[in-house]
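**Q** Give me coordinates for this.
(chains A, B, C and D)
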Number of protein chains: 2
Amino acid sequence: MALNHKITIKDVAKAAGVSTQTISRVINNRPDVSPDTRTRVQKVITDLGYAPNVLARSLSRGRSNTLGVIGFGLGYYGSTSALTGIEQKSNELGLSFLLSLLDRFETDRIDEIIRNLISRQVEGIIWAVPGINDYFLDLSQTALDIGLPIVYLNKEKTENETVVAMDNRLGGYLATQHLLEQGYRRIGIICGPFTWWEAKQRELGWREAMQEAGLDDLENLKVEGDWSAASGEVGIHALIAKSPDIDAVFVCNDQMSLGVFQAARRMGLNVPQDLGVVGFDDIPEAAYFYPTLSTIRQNAVTLGAIAVEQISKSIQAHQDGEEFYPDVCWVEPRLIVRKSSVRE
Amino acid sequence: MALNHKITIKDVAKAAGVSTQTISRVINNRPDVSPDTRTRVQKVITDLGYAPNVLARSLSRGRSNTLGVIGFGLGYYGSTSALTGIEQKSNELGLSFLLSLLDRFETDRIDEIIRNLISRQVEGIIWAVPGINDYFLDLSQTALDIGLPIVYLNKEKTENETVVAMDNRLGGYLATQHLLEQGYRRIGIICGPFTWWEAKQRELGWREAMQEAGLDDLENLKVEGDWSAASGEVGIHALIAKSPDIDAVFVCNDQMSLGVFQAARRMGLNVPQDLGVVGFDDIPEAAYFYPTLSTIRQNAVTLGAIAVEQISKSIQAHQDGEEFYPDVCWVEPRLIVRKSSVRE
DNA sequence: CTGTTAGCGCATTCAA
DNA sequence: TTGAATGCGCTAACAG
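**A** Coordinates of the predicted model:
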């Protein structure tokens, strides 16, 4: 079964002795073809190795069956997980996607990328970039104006947008709550960069839990990292400098926790006896850190899959001329307790 | 500057009072347009928010400017790094790409994916799947027959194929060589799955270095893992069971090294005093393991970028009717020495 | 420098 | 059940 993309519907028609129309009907599984000619045509198709030209079909049908996905690097576990979910689900639904990766907030590249995606007739865009800048908001408004569905991952919900988000706030709350239950009181936080919505939400959850427990002096318990192990190390030092009596820390991702472990060892602090630690993400290695890391597991694969489902529905509604009501879909994270947060 | 994909070249032509041909000339930056009409047309274009339909253009030109990329999950550092390089370089060259991800060797999905890519008129395919099965070889032969360029990442070179590969064998050699220099003698290896070409190559490098040093009994020093930290833990136990006198281990990726560290601690073995360890990959966290991990750094981003360059050249040659001589491009890994392999 | 004609590969009318 | 004509949006080849 040799595929050959130079063979067109015409060649098949000629070889089968029917019109191109009939070929079109066969390859689209239309009912109005006699069983006889259908099988005959099908044989010719496989013999010639004919493969329909999707570009031509898209042009003629006005549907590309293609999505645009804009991501933010591939360096974060959450991002790649979401992308995995996007790939799986779009494949399942017969959609292809064009992937563009940002590695910082380059305004002009964003413009260029969106133009390119629109030019390539994508039917929808999944915006999987942490944080958001006003410039993109303009562009997305335009996209919405021309009826191009957009689904945002992990973004603050605003009017008329579809957002699929991990409940990061809940995650932060669960982590802190757990440390409180274990008897820790001076619980610091090493946040992610505040340009990330997710980072802000995790901080909110921590804050909420601390306040509920009647704990204060929160500003002295807070430090900002950049997700890297290095920044976790720097962060814990900064935290201890501000609050020497700190007894636990909610570290907003697992990599930074690794830096915290490293620093703690160097300072002769025992985790979890002297310092309780809870991370965030549950990367596969977290169970192999020393000590094993308690963390918040987020199922970002599901997140990506839901995003595709949503955009697909939105496209469908738009096709059918129906109204699509954008909404927020929340995915819930889960606490995983290991050794780094439980005193013996 | 509102983009609008419903506006066509005709609308622009009408609004500007010229023929569609002139519009085409302007958007393609052809010289044969008077400066006067050019600026006039350009104004109309921005006013209307016209964006060319790339699908129509591709159909008419017979060039899609699109690549197909087939990867293998997003769970491995090497894979995502290569994908990053692919994205960057293809963006740089004005190419878009369709991404398909395999998560195991599903024969029928591969068929389906290739069909889809060919149907979507990709101009080339980058095959970034570890190992290779005969089935795909058939398909790729077909692709070659119809003149569709393919570039393989990290695969055994065979006749008439373009391969871009990390020199994994050299990496294994460097790692083992380093351990030998540090005075270790019974150096085991925890390999990756042998279905991976990369895994086999790393083993070869280890074997070569050991043999050069006149060391033998290699089969009792060898164990196969699956890249996970868990399998590193299992692996080191198995290795010690076979060869209790083992004094070092070359672990074929950094995650498995983490499992080895974990197991060593539990058994009361000190790394690097009792057990020297060198990993492979140099993931960002490796410098934060305890102890910090000596490892082989592979620059897979470059690998991906080179793959795109190669395929681009190949496409160009094919366009121009020239001969393209497929070749192997080797990228060299580098030894990074940290604490896990240097006795105090 | 500009416009006309034709066609890329397919699908959607409408007839027969 | 099948075919002919027409168009999707754009570009190439030719005229003028």
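**Q** As a check, name the ranges of all strands in chain A.
**A** Applying DSSP state E to chain A gives strands spanning A:66-72, A:96-102, A:124-128, A:150-153, A:162-166, A:187-191, A:222-224, A:248-251, A:276-278, A:295-297, A:328-331, A:334-336.
**Q** mind listing what the fourth one pairs with, with the direction of each?
**A** Using DSSP bridges, the strands paired with strand A:150-153 are strand A:124-128 (parallel), strand A:162-166 (parallel).
**Q** closest one to DNA strand D among those strands?
**A** Within the strands paired with strand A:150-153, the stretch nearest DNA strand D is strand A:124-128; the backing value is 18.1 Å (Cβ to the nearest atom of the strand). In short, each C-beta sits where N, CA and C put it, glycine included.
**Q** Report the closest residue of the stretch 151-300 of chain A relative to DNA strand D.
**A** Counting by Cβ to the nearest atom of the strand, the stretch 151-300 of chain A gets nearest to DNA strand D through residue A:151 (24.8 Å).
**Q** what's the neighbour count on that residue?
**A** Residues lying near residue A:151 (other Cβ atoms under 10 Å in any protein chain shown) number 28.
**Q** residue ranges for the helices of the stretch 1-150 of chain A, please.
**A** Secondary structure of the stretch 1-150 of chain A (DSSP state H, counting those that start in this stretch): helices located at A:9-16, A:20-27, A:35-48, A:54-61, A:77-92, A:107-119, A:134-145.
**Q** Just put those in JSON lines and tack on mean neighbour count, mean pLDDT and distance to residue B:158.
**A** Below are the helices of the stretch 1-150 of chain A laid out as JSON lines (neighbours: other Cβ atoms under 10 Å in any protein chain shown; pLDDT from 0 to 100; distance: least, Cβ to Cβ, whole Å):
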{"stretch": "helix A:9-16", "mean neighbour count": "18", "mean pLDDT": "90", "distance to residue B:158": "32"}
{"stretch": "helix A:20-27", "mean neighbour count": "18", "mean pLDDT": "92", "distance to residue B:158": "35"}
{"stretch": "helix A:35-48", "mean neighbour count": "15", "mean pLDDT": "90", "distance to residue B:158": "28"}
{"stretch": "helix A:54-61", "mean neighbour count": "18", "mean pLDDT": "92", "distance to residue B:158": "31"}
{"stretch": "helix A:77-92", "mean neighbour count": "22", "mean pLDDT": "94", "distance to residue B:158": "29"}
{"stretch": "helix A:107-119", "mean neighbour count": "18", "mean pLDDT": "84", "distance to residue B:158": "36"}
{"stretch": "helix A:134-145", "mean neighbour count": "15", "mean pLDDT": "63", "distance to residue B:158": "46"}
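**Q** So for residue B:210, which of those helices sits nearest?
**A** Ranking those by proximity to residue B:210 (Cβ to Cβ) places helix A:77-92 first, at 35.6 Å.
**Q** Now do the closest one: which elements does it pack against?
**A** Applying 3 or more Cβ pairs under 8 Å, 6 or more residues apart in numbering or on different chains; DSSP states H and E, one finds that helix A:77-92 contacts strand A:66-72, strand A:96-102, strand A:124-128, helix A:300-319, strand B:96-102.
**Q** what bits of chain A have low per-residue confidence?
**A** Low-confidence segments of chain A, defined by pLDDT under 70: A:1-5, A:105, A:132-145.
**Q** How about the residues of it by DNA strand D?
**A** By Cβ under 7 Å from any atom of the strand, the residues of chain A that approach DNA strand D are A:17-22, A:25, A:31-34, A:36-38, A:56, A:59-60, A:62.
**Q** residues contacting residue A:47?
**A** Each residue near residue A:47 by Cβ atoms under 8 Å, 6 or more residues apart in numbering or on different chains is listed here: residue A:15.
**Q** do residue A:323 as well
**A** Contacts of residue A:323 by Cβ under 8 Å, 6+ apart are residue A:317.
**Q** separation between it and residue A:313?
**A** To residue A:313, residue A:323 is 12 Å away according to Cβ to Cβ, to the nearest Å.
**Q** follow-up on the earlier one: can you lay out the helices of the stretch 1-150 of chain A as TSV showing distance to DNA strand C?
**A** What follows is the helices of the stretch 1-150 of chain A, written out as TSV (distance: least, Cβ to the nearest atom of the strand, whole Å):
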stretch	distance to DNA strand C
helix A:9-16	3
helix A:20-27	3
helix A:35-48	10
helix A:54-61	3
helix A:77-92	20
helix A:107-119	16
helix A:134-145	25
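**Q** between those, which gets nearest to residue B:7?
**A** Among these, the nearest to residue B:7 by Cβ to Cβ is helix A:107-119 (11.0 Å).
**Q** what angle separates the closest one from strand B:96-102?
**A** 80 degrees (axes from the mean of the first three to the mean of the last three Cα atoms, to 10 degrees).
**Q** Output the contacting helices and strands for helix A:107-119.
**A** Packing partners of helix A:107-119 (3+ Cβ pairs under 8 Å, 6+ apart): strand A:66-72, strand A:96-102, helix A:134-145.
**Q** ranking the strands of chain A by burial, who's on top?
**A** Greatest average neighbour count among the strands of chain A goes to strand A:248-251 (a mean of 31), per mean count of other Cβ atoms under 10 Å in any protein chain shown.
**Q** right, and residue A:315 touches residue A:122 too?
**A** No: with contact defined as Cβ atoms under 8 Å, residue A:315 does not count as touching residue A:122 (10.0 Å).
**Q** just to revisit the earlier point, tabulate the strands of chain A (TSV), appending distance to residue B:297.
**A** Compiled in TSV, the strands of chain A are given as follows (distance: least, Cβ to Cβ, whole Å):
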stretch	distance to residue B:297
strand A:66-72	24
strand A:96-102	22
strand A:124-128	28
strand A:150-153	31
strand A:162-166	32
strand A:187-191	27
strand A:222-224	29
strand A:248-251	26
strand A:276-278	28
strand A:295-297	27
strand A:328-331	35
strand A:334-336	31
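**Q** Which part of the stretch 101-250 of chain A gets nearest to chain B, residue-wise?
**A** residue A:229 (3.8 Å; Cβ to the nearest Cβ).
**Q** quick one: that residue and DNA strand C, what's the gap?
**A** 52 Å (Cβ to the nearest atom of the strand, to the nearest Å).
**Q** Please list all residues in contact with that residue.
**A** For residue A:229, the contact set (Cβ under 8 Å, 6+ apart) comprises A:255, A:256, A:258, A:259, A:262, B:284, B:285, B:287, B:288.
**Q** Let's see that with 10 Å instead.
**A** A:253-263, B:283-289 (Cβ atoms under 10 Å, 6 or more residues apart in numbering or on different chains).
**Q** What of residue A:247?
**A** Residue A:247 neighbours (Cβ under 10 Å, 6+ apart): A:179, A:182-188, A:272-276, A:343.
**Q** Ok, residue A:39 next?
**A** A:26, A:33.
**Q** need the residues of the stretch 101-250 of chain A near chain B, please.
**A** A:101, A:103, A:109, A:111-122, A:138-139, A:141-143, A:145-148, A:227-230, A:232-233 (Cβ under 10 Å from any Cβ of the partner chain).
**Q** what's residue A:41 in contact with, if anything?
**A** Counting by Cβ under 10 Å, 6+ apart, the residues that residue A:41 touches are A:12-13, A:15-18, A:22-23, A:25-27, A:33, A:50.
**Q** what do you get if the cut-off is 8 Å, keeping everything else the same?
**A** Per Cβ under 8 Å, 6+ apart, neighbours of residue A:41: A:12, A:16, A:18, A:22, A:23, A:26, A:33.
**Q** Go through the residues you listed and name the one nearest residue B:331.
**A** For the contacts of residue A:41, the nearest to residue B:331 is residue A:12 (43.9 Å; Cβ to Cβ).
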